[in-house]
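Q: fold the following, please.
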Amino acid sequence: MHYCRLYTNHPYADMTVAQWPDVMDTNLNGPMRVVRALLPGMADPGCGRVVLVSSTTGPQVGNPGLVHHAASKAGLEGAMRGFALEVASTCVTINAIRPSSILTDGVLAASDDDDLEFMAKGIPMRRPGDVKEIAELAHFVALAATSPDRRLSWMAGRPCGSTRKAWSNETTVINQQRRQRQMAHHAKAWLLSGLLAATAITPVAALSETTLRVGFDSANSSFDPIATTENTDIRLITSMNVYLVRLSTDGSSLVPDLADSWSVSDDGTVYTFELGDGAFSNGDPVTAADVVFSLERVRDHPGSVQAPLYSLITDISAVDGDTVAVTLSAASPATLSAIAMYPAAILPEGLGGLSEEDFGASPISAGPYFLEEWERGGQVVLAKNTFHPEADTVAIDRIEWTPIPDDNSRLLQLQGGELDIALPIPLNLVSEVDAAEGIEVQVSPSTLTYNINFNYENELFQDIKVREAVGIALDVEGITSAITYGLGGRSNSVLAEGTLYYDASIPLRDYEPDRASAILAEAGAAGTQVELMIPIGNSLLEQFSVIAQQQLNAAGLNVSVRRVEETQYWGDFEAGNYQMAIGSWTNDMAHPDQKMSFILGNGDANNYFTRYRNDELAAQVNAARAIADDAAAQEAYSALQRAAFDEVFWIDLFKLPYTAAVSDRVEGFSQDVTGRIEFERLSLN
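A: Numbers count the residues shown, from 1 in each chain. Presented below is the predicted three-dimensional model:
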């Protein structure tokens, strides 16, 4: 970054003889000397980037009293054009940006409030720019991969190596795979706000037009497929990765993904997958070795939270470069469904040389999108994987996924044009939002259920009588009717309706507040202080907690509600830092083995973070996984559902559909039964 010297309010006739060359030396000659010194070292590897800082005062508008400054900046841009032509063949790029009024220390020191107010009047956004905004733009223009075969860069309006005319009057755009789309979006915003000269970055608007902006109710925690169970993570992980097979959009079957086809041995114990084409976001092809590594990792890694689902796999081998065989200890329909699940994403062998921590924060993936940027606890930016075999059919270049826990804030941003999609939508507002111009609300079938989790490390909840009292002290039917506005319904089982082997005969708990009071008194629990944890911002759970607190207190408990930020909520939930908490579940596969293993299988997830343990039920879960006969499997899973009810493992509450409010500029939006959004099928009109 070169130095800029500015003399204010000095008409040319009043300038001293020394002032003109002083400004020229600082603004023009100095930068040229620096460029001259740097170019030889840049040209040899062919990867140099030079960004000069010009000014709107120079070539664009001029300014009385700043003739010297305007002349120096006009000269700077003229020299930039010449330099760019001289080094075009080496793929070194030289560019200039033209800031408008920027609040530098010097400007602030030389300006009073009236000056700043006058300055702002000439800017559509009605404010001067910030130094950081110019620095970010310079970073965007300079950013490029160091390897020429992994960048697409434009130098002075022409592709490197092109024989087209070298110069256009528009500033360079460097189109790089990672990060450039975000900066392009910012550049467009700066142009519209008047913070930059109108001619500064005109080509970037086309890039930002394919940015999809999504507001979700919670933040992401990890992008390592084996390390998370949170729906927010899973929604994006499934868009970033490929799998041997996938669940179909309607949830009724498994369909090819990386594997073009597969076959099963007569005894049902060997699956053979024939691989198609695939490529990671770093350009490397997906190989059979990557498949072997990924499936072994999800099965064997001590941090794999869904590992029990893959316990029947005894061998994974690369038959050849395009064929993988998976051998089971016993025939199991559940295992193929597990292979289609989010933890079994195909990752590069050895995580591409990254540590597990680094991979979880910035993974290499082979799906239609890759992780371009992530602020932990904040926005996620996905960019199109241009190496993906079907990249040409993907219309959305970039996805900005922003956590907005507060329901009202999400809707306001959607209505204000700051978002294209907001999800979920409070059920009490579905009709109102759907009636708004330019917005459509979609209500989709789901397996989303809510329940009250008990922490079994708390001595109070080790008593089944207390758990039963909580269940019958709540008017779940009445609460569900009041807060779901006819869009939800009661849950009767730990398996959601629509899940394979769901048992509709599991009874609902009756509302018996008097008996609940008697049970609590008999158990010596009357008056005991109990804390119910809920996440901040979820209006549905806020309504539930208010009613539940009143009813539980009326039955004899002393319940308080602890409201915590979403990120802290899941952290406390997983760590067991709660007494009672509202849990939710969405199936990631049609077979019930996923949920049963997670809540009753005694795995690393501590039975959905309850710390409940029952070795007999865990053995039944493991046995059910290997049952191939439908009738026998139904009997086994019905028995598990009944056992969870009898044990009062948790309190089943209600089931809900998926809701989303979608701008009419989005075409092709839908959510499948697992909540996955096929971003690669969307387009913007």
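Q: the lengthiest strand in the chain pairs with which strands, parallel or anti?
A: Determined from DSSP state E, the single longest strand within the chain is strand 439-454. Using DSSP bridges, the strands paired with strand 439-454 are strand 580-585 (antiparallel), strand 651-663 (antiparallel).
Q: quick one: closest of those to residue 17.
A: Distance to residue 17, taken as Cβ to Cβ, is lowest for strand 651-663 among the strands paired with strand 439-454, at 61.5 Å. All C-beta atoms are positioned from the backbone trio N, CA, C, and that covers glycine.
Q: now do that closest one: distance to the chain's middle.
A: For strand 651-663, the separation from the chain centroid amounts to 19 Å (computed by Cα atoms, centre = their mean, to the nearest Å).
Q: with stretch 297-316 instead?
A: Stretch 297-316 sits 25 Å away from the centroid of its parent chain (Cα atoms, centre = their mean).
Q: pull that stretch out as CSV, backbone CA atoms only.
A: Provided in CSV are the C-alpha atoms of stretch 297-316 (Å, rounded to 0.1, in the frame of the first residue of the first chain):
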residue,chain,number,x,y,z
ARG,A,297,-13.1,-43.5,9.6
VAL,A,298,-16.8,-43.3,10.3
ARG,A,299,-16.8,-46.8,11.6
ASP,A,300,-13.6,-46.8,13.6
HIS,A,301,-12.8,-43.2,14.7
PRO,A,302,-13.4,-42.7,18.5
GLY,A,303,-15.0,-39.4,17.8
SER,A,304,-17.5,-40.8,15.3
VAL,A,305,-20.9,-40.1,17.0
GLN,A,306,-22.8,-42.4,14.7
ALA,A,307,-20.3,-45.2,14.7
PRO,A,308,-22.8,-47.9,15.9
LEU,A,309,-24.6,-47.6,12.6
TYR,A,310,-21.6,-49.0,10.8
SER,A,311,-20.7,-51.7,13.3
LEU,A,312,-21.7,-54.6,11.0
ILE,A,313,-19.2,-53.6,8.4
THR,A,314,-16.2,-56.0,8.7
ASP,A,315,-14.2,-55.0,5.6
ILE,A,316,-14.0,-52.2,3.1
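Q: please renumber so the chain begins at 524
A: Sounds good: first residue 524 from here, last item stretch 820-839.
Q: what residues of that stretch count as buried?
A: For stretch 820-839, burial by neighbour count (16 or more other Cβ atoms under 10 Å) applies to 820-822, 827-836, 839.
Q: okay, these in TSV with pLDDT next?
A: Shown next, in TSV, are the buried residues of stretch 820-839 (pLDDT from 0 to 100):
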residue	pLDDT
820	97
821	97
822	97
827	93
828	89
829	91
830	92
831	90
832	91
833	95
834	93
835	94
836	97
839	98
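Q: which of the residues you listed sits closest to residue 752?
A: Nearest to residue 752, judged by Cβ to Cβ, of the buried residues of stretch 820-839 is residue 828 at 5.6 Å.
Q: what sits against that closest one?
A: 749, 750, 751, 752, 866, 1121, 1126, 1127, 1128 (Cβ atoms under 8 Å, 6 or more residues apart in numbering).
Q: hmm, which of these is lowest in pLDDT?
A: pLDDT across these is lowest for residue 1127, at 81.
Q: and that one, how far is that from residue 976?
A: As judged by Cβ to Cβ, to the nearest Å, residue 1127 and residue 976 stand 17 Å apart.
Q: of the two, who's got more company?
A: residue 976 (25 against 13; other Cβ atoms under 10 Å).
Q: what number of residues lie near the residue nearest to the more buried one when sequence neighbours are not counted?
A: Distances taken as Cβ to Cβ, 6 or more residues apart in numbering put residue 1106 closest to residue 976, at 4.3 Å, once the chain neighbours are dropped. If you count neighbours by other Cβ under 10 Å, residue 1106 ends up with 18.
Q: measure residue 1106 to residue 1088 for me?
A: Relative to residue 1088, and taking Cβ to Cβ, residue 1106 is found at 17 Å.
Q: pLDDT-wise, which helix or strand of this structure ranks last?
A: Ranked by mean pLDDT, DSSP states H and E, the weakest helix or strand in the chain is strand 697-698, scoring a mean of 28.
Q: distance of the nearest residue in space to residue 887 that is not next to it in sequence relative to residue 888?
A: Ranked by Cβ to Cβ, 6+ apart and with sequence neighbours excluded, the top spatial neighbour of residue 887 is residue 875, at 4.4 Å. Residue 875 is 10 Å from residue 888, where distance means Cβ to Cβ.
Q: mind checking which of the two has more residues around it?
A: Neighbours were tallied for residue 875 and for residue 888 using other Cβ under 10 Å; the higher tally belongs to residue 888 (26 against 17).
Q: which SS class is that one?
A: coil (DSSP: H, G, I helix; E, B strand; the rest coil).
Q: residues contacting it?
A: With contact set as Cβ under 8 Å, 6+ apart, residue 888 has these partners: 763, 764, 803, 804, 868, 870, 894, 908.
Q: any figure for the gap between the second one and residue 818?
A: As defined by Cβ to Cβ, residue 764 lies at a distance of 13 Å from residue 818.
Q: neighbour-wise, which of these two wins?
A: Relative neighbour count places residue 764 above the other of residue 764 and residue 818, with 26 against 21, counting by other Cβ under 10 Å.
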